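Participant: Pasting the sequence and the predicted model now:
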Amino acid sequence: MSTAPSDAIELHYVELRKFKPAKPQELRTRFERWLYFLKFADLYGPEDSVLPENLAQEEGIVMALESMRRAYAKDPVRELIKAREKAERDELNRLYTARLEGRLEGKLEGRLEGKLEMARGLLAAGVERETVLKAAGLTESDLE
């Protein structure tokens, strides 16, 4: 007998009309919490409504509720949500860019400091100033 994977698809139908929990606190399984949310999501659509704690603990339900609120939002509210999300992305991008620029600036300063240290050592050893400038790739003002 072969245990190779099958290409068959198994479908399950759930009739939400027949799902009748007494209270959201009585939901025991993740499946029941999702059924409850799908059936009563409209109750939690407005921004000021509070999602019951046992539903709020399901990360996927919270994400689905936020997506539903965005989809149902009126145009001005939707625009505010989009603007807030864009501002958050812009701030993250600004911080990332600043970090990269800081690293690059630090590397350049480190290289210059290394060249200056080498030049000081060569000058202290009695090597001519022109030779030191050429070897280190520095200008007269850098050495000063």
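Facilitator: Sure thing, it's come through. Numbering: from 1, shown residues only.

Participant: Which elements pack onto the helix or strand of the chain with the lowest mean pLDDT?
Facilitator: Least confident element among the helices and strands of the chain, by mean pLDDT, DSSP states H and E: helix 140-143 (a mean of 72). For helix 140-143, the packing partners by 3 or more CB pairs under 8 Å, 6 or more residues apart in numbering; DSSP states H and E come out as helix 75-124, helix 129-136. Glycine gets a C-beta too; all of them are placed from N, C-alpha and C.

Participant: Tell me how far it lies from the chain's centre.
Facilitator: 44 Å (CA atoms, centre = their mean, to the nearest Å).

Participant: Check stretch 95-113 too.
Facilitator: 23 Å.

Participant: distance of the residue lying farthest from the centre of the chain from residue 120?
Facilitator: Computed with CA atoms, centre = their mean, the residue of the chain farthest from its C-alpha average is residue 126, at 55.9 Å. Per CB to CB, to the nearest Å, residue 126 is found 12 Å from residue 120.

Participant: Next: residue 72.
Facilitator: 69 Å.

Participant: any weak-confidence spans in this structure?
Facilitator: 1-4, 48, 143 (pLDDT under 70).

Participant: The residue nearest to residue 131 when sequence neighbours are not counted: neighbouring residues, count only.
Facilitator: Spatial nearest neighbour of residue 131, chain neighbours left out: residue 122 (7.7 Å); criterion: CB to CB, 6 or more residues apart in numbering. By the criterion of other CB atoms under 10 Å, residue 122 has 17 neighbours.

Participant: List the contacts of residue 122.
Facilitator: 131-132, 135-136 (CB atoms under 8 Å, 6 or more residues apart in numbering).

Participant: Pull out the buried residues from those.
Facilitator: Buried subset of the contacts of residue 122 (neighbour count, 16 or more other CB atoms under 10 Å): 132, 136.
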